[in-house]
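In: this is a predicted model, with the sequence first.
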Amino acid sequence: MGSNSICEKIAKAKAYLAIISLQFGYCGMYIITSVCLKHGMNHFVLSVYRHIAATIAIAPFALMFERKIRPKMTLSVFWKIMLLAFLEPVLDQNLYYVGLTYTSATFASASVNVLPAITFIMATIFRLEKVDIRKIPSQAKIIGTIVTVAGAMIMTIYRGPVVNIFGSHVAVQHGATSAAANSGQHWALGTLFVLGSCFGWSAFFILQSYTVKEYPAELSLTTWICFMGSLEGGVVSLFMVRDMKAWALGWDSRLLASVYTGVVCSGIAYYVQSVVNRERGPVFVTVFSPLCMIITAAMGSILLHELLHLGSIIGAVVIVFGLYTVVWGKSKDPQTTTTNEKGKIQELPIINDTSKSNDIITLENNNGFPSGISIIKLPSTQEPQNHATSI
């Protein structure tokens, strides 16, 4: 009993550990990508190389582990993959980078943190998230989502005094003046780009939830999304980037950014998100995204000796409280697996043919009680065989 309960707890904790681990991967992506873009790499080109690297990294595992379980590709699944490859690899990533250049880093990062709220609304509309406002678990999910977004906004907008917890050095944060200068131009257009990026990412998770149920081979699905994303992104990039020198790669930050973001933030991330999405739904996948801000602030303070402000600490506490509330509400959702009153998986009923004189066979459940289902035996022209009746 003890070992079984421990295994069940570990199985339930896998989804949490997987999604939280992804936030560490995204934290590294922001640092590497910012360095790469500052060195002049075009974001359209980066998106293409990123998904080429992801395809090369994931395809061998898909061919090796899913060759016997991979379902047949249908036209419906193919069109869904085409749309998935456009929503996140092409639309979301490029809209975010364009919006970032038109607004500011502070505004863009704050806007991205509304992703859990947008996903929650879209999942409710498409009936992927069950919400009954009269029940406490549904109220917890709604309140927790709002609190999580509010904590992310506090962490981004409010700075407050410097808190020297990890021995942070007071340093001038470079790039603040340039971001403020760039934010004065095309602010309204940049806002639309950033919000469009959030809607594209949320729509990706919603459609991924439908697709993975129809095509339950996560590694193969990830490979297809990355491959089609590189093709679609390549077509868009050829129109947007006319200078062929922008496609040049060397042994520098451009290659590092392409490989790291491709393998970790596209290949592994799409796979993990599809697995968790199929089990827990799109809201569970996105509700942990504000954790990336906490991880980035902590790692920046410890490793890079960046300033840690009171607003970051308050926002982190609010985010954790909101996440706990949402997770508690999600834990009360009914499980999809059919179970009996003892918590065991319900099996097929067993035929009880003890009475050979009757023409009615009564079906029993696992506990030996009548299940309420009966089968009428049709008359046969042959002599009955002396073997067990089967269905």
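Out: Yep, it's here. Please read these numbers as outputs of a predicted model, since none were measured by experiment.
In: for the rest of this, base every contact and every neighbour count on C-alpha atoms.
Out: Fine.
In: can you give me the neighbour number for residue 38?
Out: For residue 38, the count of nearby residues is 9 (other C-alpha atoms under 10 Å).
In: ah, wrong one, I meant residue 137
Out: Residue 137 is flanked by 21 other residues according to other C-alpha under 10 Å.
In: that one: which element?
Out: Residue 137 belongs to helix 136-157 when assigned by DSSP states H and E.
In: for this protein, which segments count as strands?
Out: Taking DSSP state E, the strands of the chain run over residues 350-352, 360-364, 370-376.
In: average model confidence for the last one?
Out: Meaning strand 370-376. Across strand 370-376, pLDDT averages out at 47.
In: residue ranges with poor pLDDT in the stretch 1-150 of the chain?
Out: For the stretch 1-150 of the chain, the stretches flagged by pLDDT under 70 are 1-5, 8, 11, 104-110.
In: what's in contact with the helix holding residue 137?
Out: 106, 109-110, 113-114, 116-117, 120, 130-133, 287, 290, 293, 311-330, 332-333 (C-alpha atoms under 8 Å, 6 or more residues apart in numbering).
In: how many residues are close by residue 244?
Out: Residue 244 has 8 neighbouring residues, counting by other C-alpha under 10 Å.
In: what about it, distance to residue 238?
Out: Applying C-alpha to C-alpha, to the nearest Å, the value for residue 244 to residue 238 is 9 Å.
In: check residue 318 too.
Out: Residue 318 is 44 Å from residue 238, by C-alpha to C-alpha.
In: and if you look at residue 85?
Out: Applying C-alpha to C-alpha, the value for residue 85 to residue 238 is 17 Å.
In: the two: who's more crowded?
Out: More crowded of residue 85 and residue 238, by other C-alpha under 10 Å: residue 85, with 25 against 13.
In: now residue 254, nearest residue through space, not along the chain?
Out: residue 36 (5.6 Å; C-alpha to C-alpha, 6 or more residues apart in numbering).
In: give me the neighbour count for the one you found.
Out: Residue 36 has 21 nearby residues by other C-alpha under 10 Å.
In: run a quick neighbour tally on residue 278.
Out: Counted with other C-alpha under 10 Å, the neighbours of residue 278 add up to 17.
In: burial count for the closest residue to it other than its chain neighbours?
Out: Distances taken as C-alpha to C-alpha, 6+ apart place residue 209 nearest to residue 278, at 5.9 Å, with adjacent residues excluded. Residues near residue 209, counting by other C-alpha under 10 Å, number 23.
In: any idea how far residue 209 lies from residue 296?
Out: Counting by C-alpha to C-alpha, the gap from residue 209 to residue 296 is 28 Å.
In: give me the buried entries from the contacts of helix 136-157.
Out: Buried by 16 or more other C-alpha atoms under 10 Å: 106, 109-110, 113-114, 116-117, 120, 131, 287, 290, 293, 311-320, 322-330, out of the contacts of helix 136-157.
In: inside helices: which ones of these?
Out: 106, 109-110, 116-117, 120, 293, 311-320, 322-330 (DSSP state H).
In: residue contacts, residue 272?
Out: 18-19.
In: mind running it again at 10 Å?
Out: 15, 18-19, 21-22, 218-219, 222, 266, 285 (C-alpha atoms under 10 Å, 6 or more residues apart in numbering).
In: also residue 127?
Out: Counting by C-alpha under 10 Å, 6+ apart, residue 127 has contacts residue 121.
In: from residue 31, how far out is it?
Out: In terms of C-alpha to C-alpha, residue 127 sits 37 Å off from residue 31.
In: re the thing from before, doesn't residue 255 make contact with the residue nearest to residue 254?
Out: Yes: with contact defined as C-alpha atoms under 10 Å, residue 36 counts as touching residue 255 (9.0 Å).
In: list residues touching both of the two?
Out: Taking C-alpha under 10 Å, 6+ apart as the contact rule, residue 36 and residue 255 both touch residue 46.
In: count the neighbours of the spatially closest residue to residue 70 that is not a sequence neighbour for me.
Out: Nearest residue to residue 70, sequence neighbours excluded (C-alpha to C-alpha, 6+ apart): residue 217, at 5.7 Å. By the criterion of other C-alpha under 10 Å, residue 217 has 21 neighbours.
In: next, the buried residues of stretch 39-53.
Out: 41-53.
In: got these as JSON lines, with distance to residue 261 columns?
Out: JSON lines is the format used below for the buried residues of stretch 39-53 (distance: C-alpha to C-alpha, whole Å):
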{"residue": "41", "distance to residue 261": "14"}
{"residue": "42", "distance to residue 261": "15"}
{"residue": "43", "distance to residue 261": "12"}
{"residue": "44", "distance to residue 261": "14"}
{"residue": "45", "distance to residue 261": "13"}
{"residue": "46", "distance to residue 261": "9"}
{"residue": "47", "distance to residue 261": "9"}
{"residue": "48", "distance to residue 261": "11"}
{"residue": "49", "distance to residue 261": "9"}
{"residue": "50", "distance to residue 261": "6"}
{"residue": "51", "distance to residue 261": "8"}
{"residue": "52", "distance to residue 261": "11"}
{"residue": "53", "distance to residue 261": "8"}
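In: now, the residues you listed that are in helices?
Out: Those of the buried residues of stretch 39-53 lying in helices (DSSP H): 43-53.
In: could I get the residues you listed as JSON lines with distance to residue 153?
Out: Converted to JSON lines, those look like this (distance: C-alpha to C-alpha, whole Å):
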{"residue": "43", "distance to residue 153": "26"}
{"residue": "44", "distance to residue 153": "28"}
{"residue": "45", "distance to residue 153": "31"}
{"residue": "46", "distance to residue 153": "28"}
{"residue": "47", "distance to residue 153": "27"}
{"residue": "48", "distance to residue 153": "31"}
{"residue": "49", "distance to residue 153": "32"}
{"residue": "50", "distance to residue 153": "29"}
{"residue": "51", "distance to residue 153": "31"}
{"residue": "52", "distance to residue 153": "34"}
{"residue": "53", "distance to residue 153": "33"}
